[in-house]
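K.L.:
build me a model from this:
(chains A and B)
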Amino acid sequence: MAVPSPRAPRLRTRPRWLREPVVTAAYAAVGLTVALLVLYPTLTILVESVRDGEGGLTLARYQRFFTSTYFLHTLYNTLLVSGIATALSLVLGFAFAYAVTRTDLPLKGFFTSVVLVPMLLPAFLIAFALILLLGRNGVINRFLYEVGAWLNLADPYALQWVVFGSHGVILAQTLTFFPMAFLVFSAALASIDPRLEEAAEDLGGSYWFTLRRVTLPLLAPAAFSSALLVFMFNASAFGAPAVLGGGRLFFPQASMLAPEAIIQILGLYDWGMGTTIAVILVVPSLIIFVFGEYYLKKRSYVTVTGTPTAFTLRAVPPTVKWTLFAVCLLVSAFIIGVVLVVVAGAFTRTWGVNYELTWRHMQTALNASRGSITNSLLLSGGGAAAAAVFGILSAYLFTRRPFPGVRVLDFTAMLPYALPGVVMGLGFAVAFGGRWSWIVLTGTATIIFLNHFIRRMPFGIRSGSSALKQIDPVIEEAAADLGARPVYAFRRVVFPLLRATVLGAFVFGFINMMTDITAVIFLVSPRWRLLSIDLFNAIDAGRLGVAAALSVIMIVSTFVVLLVVWRLSGKGLDFLRR
Amino acid sequence: MRKIIGSLLAFVALSGAVAQEVIVYSPFSDEFMQALARPFTEQTGIRVLNIVISTGESQSRLRAEAARPQADFWLSVRPAILQQAFDEGLIEAYTPAGADTVLPAFHYDEAHITAIGTYPLVFFYNTQAIARTNVPAPTGDWDQLLDEAYSGQIVMPHPATSGTAYSAVATILQRAIQGGGSEEDGWAFMGQLAQNVAQFTRSGRAPQTLVSQGEYPVGIGFYDAVWQLQQEGFPVEVVIPDPVFAEPYGGAVVAGAPNPENARRFFDFLLTRDAQDVLGRFGNYPVVAGAAVPEGGVEVPSEQVIEVDFRWSADNRSRILETFQEVTQAEPQ
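P.N.:
Numbers count the residues shown, from 1 in each chain, chains lettered A, B, ... in the order given. Below is the predicted model of the structure:
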């Protein structure tokens, strides 16, 4: 988009990059950051995966991957689990979005809030909570056992539904990722002019006909883009398969791609095979990302007019309405159950065996992980601040001071959004871990900070550029006419208008950094441990009480930080609903 | 925001300034390490930093870091793996100050191997799961585990990532050899056992967890983790197999460690009564006379303890791991 330069035209005596040294320097900084933190680590992974022992190149590992039953089963498991979880997420996301935007259900505000809760929790926390609920000693399964015993069944365990296996991973991933589908669908539904649907019904179309022939087709692009998004996150998920998958997936002797990459590196220290799996994991994400960036944007049927149309809720058949209500209530209750069961687990002596109340786990967790907690808060706080500010600064450069080729830079800077955490973490471990020994950052806080920063900068860029589109460049021109230099104009005029956007990007980044494991699992060191990794280790070691205590600490400290930010900004968490 | 970044930088600078520390790689839990560290830090002022990492993982990590070692001390390592690491130049041959107080049964002549503690490799089962599934409780007879009734009911760790599992495989092979057969017989046994194993876990401690939670009825693994879960109140019982692997574990100062002197002092400390008493509180048996044993712990009949030549284990390790993959076709999970 060509935006007129906010400064008055001058005689073209010098080239632009000399006339605007600050802009040139800013572009140099963004370019260098992106080259060093995005391109370089990604390329080292690719190189590492084809490097043989003698310094030559080899495709042997790819050949091994695609000929070994084990690795192929890993791939099939990933595709099957992700495919089913994506389908279920779409259905649930649509049900919630439709219920909230098109019906007059009771408790709508409650549903909209609860549906966002999974986005604030670490991806593996839901998997962990499912063990507490639906493991053999889980609350629900204990209850089902009692029922079975009471009914005098031959096998009182027959009613139990144990969560370990493909079904558990699918359930956990659906609950974790359906809020994304919900957000996309509710935005799309809100922007469909309801008069289209009314017209269809006025012309005699039944409710189901209208839904099938008008509403759903209008939602096709939204469905498609959320399907791609959710599938991308599902395919690179690590938490649920690691916690619930062990040996009981569709192809039982194999795992899934992301956990497999982590086992190859951290378990077997096979950098070649680990990076190969990472590259294989990148391919679908990249295709989806490119597709989404260049194809879907042009194909949206939805037009936002800016002035919302007068909105009347449509008459929805009672059966549909109450079915939706039941679904929403059930899922919301389950999500609340997930949070409650974790809190209960933190104060219960031995889950499933001894339900005495105890402070012991909390004490143990606080003692053992005190350093990790401060590290996580510091690195996430710092990383999120840097990502928000730098991201929005880049957005300003890209939209207001473009140069030919800026789209390439924008695309590259957005890449970390599409690249799975495993890939970004592994890329950093290879690029800055001494295997290419010119920059060695292993064991430092810097490597974690930079990884946090670059992975969440895309959100700053995206929300920055959409916010900038709503700020008329005339304001900057006015500032320039009054004699403000570009830096001053940005600092005193544009930036204050973007305050809410900066805070939104900060909050999003902070939550994601606090809860991330897949990337930082490669980057933590004895001196720089993180809360999320301690939590994952506790789950892995089966120390459920301590794990629950650590989860509570994580949730509480995240919410305290969010509350502070909220108070400072005077804004709610509305940005999540955009 | 500027403040956050400022305090971040201050924090980085501050933590870099603390010189007196020792970095430990060990599979012991954080509580265990902190209980060990407390008296050590009180006596010496040296801070103990640790990460919880299985022996196999730390060995690969030490290899990868050999050019720029990140760790000072490597704790809870079997003699065979110490031997192998020493041959690769990954560890120092340091004999700690208290080595002469170690009981004769746990004494090694090699300067790079000093026992620190021990616990047997045991069979364990969940009493509720056994009652539920009609799987027979294991008796301690290895051959019994081949019974069809155990199909898909056993969990054990994977030897590529877990030192525990490697000890189990070495025991199985040695049992076959010492029983008058050949290594081939041992592999045949391993192959049949793998038919009954539901999952080869990545971590040596995962089977104990899975069995304590009733996910699988029977597991093979080291006693200390079972003991700790029993203390938590889980319905887990232990059987001492015949023969039983009860080799001690040791530790080593990492070659080229960033804080070698602190690592040596930590090694000295581990053989003091203070440290050995802590071991007993976490289900480990001490190797010096008079220190506390785990409360209510099992007795290991010394005539059942199998002699495993650690040099044989060390020399054959990569071959054993490869054959294991071939025989079982299983990857760690």
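
K.L.:
from here on, just use CA atoms for contacts and neighbour counts.
P.N.:
Will do.

K.L.:
relative to A:Gln470, how far out is A:Trp566?
P.N.:
According to C-alpha to C-alpha, to the nearest Å, A:Trp566 and A:Gln470 sit 23 Å apart.

K.L.:
count the neighbours of A:Leu107 for me.
P.N.:
Residues near A:Leu107, counting by other C-alpha atoms under 10 Å in any protein chain shown, number 12.

K.L.:
let me know the secondary structure of B:Val253.
P.N.:
At B:Val253 the chain is in strand, as set by DSSP: H, G, I helix; E, B strand; the rest coil.

K.L.:
and it, what is it in contact with?
P.N.:
By C-alpha atoms under 8 Å, 6 or more residues apart in numbering or on different chains, the contact list for B:Val253 reads B:Asp72, B:Phe73, B:Trp74, B:Ile91, B:Glu92, B:Ala93, B:Tyr94, B:Pro260, B:Ala263, B:Arg264, B:Phe267.

K.L.:
which stretches of the stretch 401-550 of chain A have low pLDDT?
P.N.:
Within the stretch 401-550 of chain A, the ranges that satisfy pLDDT under 70 run A:434-437.

K.L.:
measure stretch B:290-302 end to end?
P.N.:
End-to-end distance of stretch B:290-302: 18 Å, with C-alpha to C-alpha as the criterion.

K.L.:
could you give me the average pLDDT of it?
P.N.:
Mean pLDDT, taken over the full extent of stretch B:290-302, equals 84.

K.L.:
residues in the stretch 201-350 of chain A within reach of chain B, list them.
P.N.:
Taking C-alpha under 8 Å from any C-alpha of the partner chain as the contact definition, the stretch 201-350 of chain A meets chain B at A:Gly246, A:Gly247, A:Gln253, A:Ala254, A:Ser255, A:Ile263, A:Leu266, A:Gly267, A:Leu268, A:Tyr269, A:Arg349, A:Thr350.

K.L.:
and the two most separated of those?
P.N.:
Distance extremes for these: the farthest pair is A:Tyr269 and A:Arg349 at 36.8 Å, using C-alpha to C-alpha.

K.L.:
if you count what's nearby, which of A:Trp566 and A:Gln470 comes out ahead?
P.N.:
It is A:Trp566, of A:Trp566 and A:Gln470, that has more neighbours when counted by other C-alpha under 10 Å, with 16 against 8.

K.L.:
just the element for that one, please.
P.N.:
For A:Trp566, the host element (DSSP states H and E) is helix A:544-569.

K.L.:
and that helix, does that touch chain B?
P.N.:
No: Helix A:544-569 stays clear of chain B (C-alpha under 8 Å from any C-alpha), getting no nearer than 9.7 Å.

K.L.:
what residues sit buried inside that helix?
P.N.:
Judged by neighbour count using 16 or more other C-alpha atoms under 10 Å in any protein chain shown, the buried positions of helix A:544-569 are A:544-555, A:558, A:561-562, A:565-566.

K.L.:
now the strands: where do they sit in chain A?
P.N.:
Along chain A, the segments classed as strands by DSSP state E run A:348-350, A:354-357.

K.L.:
could you identify which of the ones you listed is most buried?
P.N.:
Sort the strands of chain A by mean neighbour count, taking mean count of other C-alpha atoms under 10 Å in any protein chain shown, and strand A:348-350 sits at the top with a mean of 22.

K.L.:
which strands or helices does that strand pack on?
P.N.:
If you count contacts as 3 or more C-alpha pairs under 8 Å, 6 or more residues apart in numbering or on different chains; DSSP states H and E, strand A:348-350 packs onto strand A:354-357, helix A:544-569.

K.L.:
export these as TSV, with columns for distance to B:His112.
P.N.:
Converted to TSV, the helices and strands packed on strand A:348-350 look like this (distance: least, C-alpha to C-alpha, whole Å):
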stretch	distance to B:His112
strand A:354-357	45
helix A:544-569	36
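
K.L.:
noted, bye for now.
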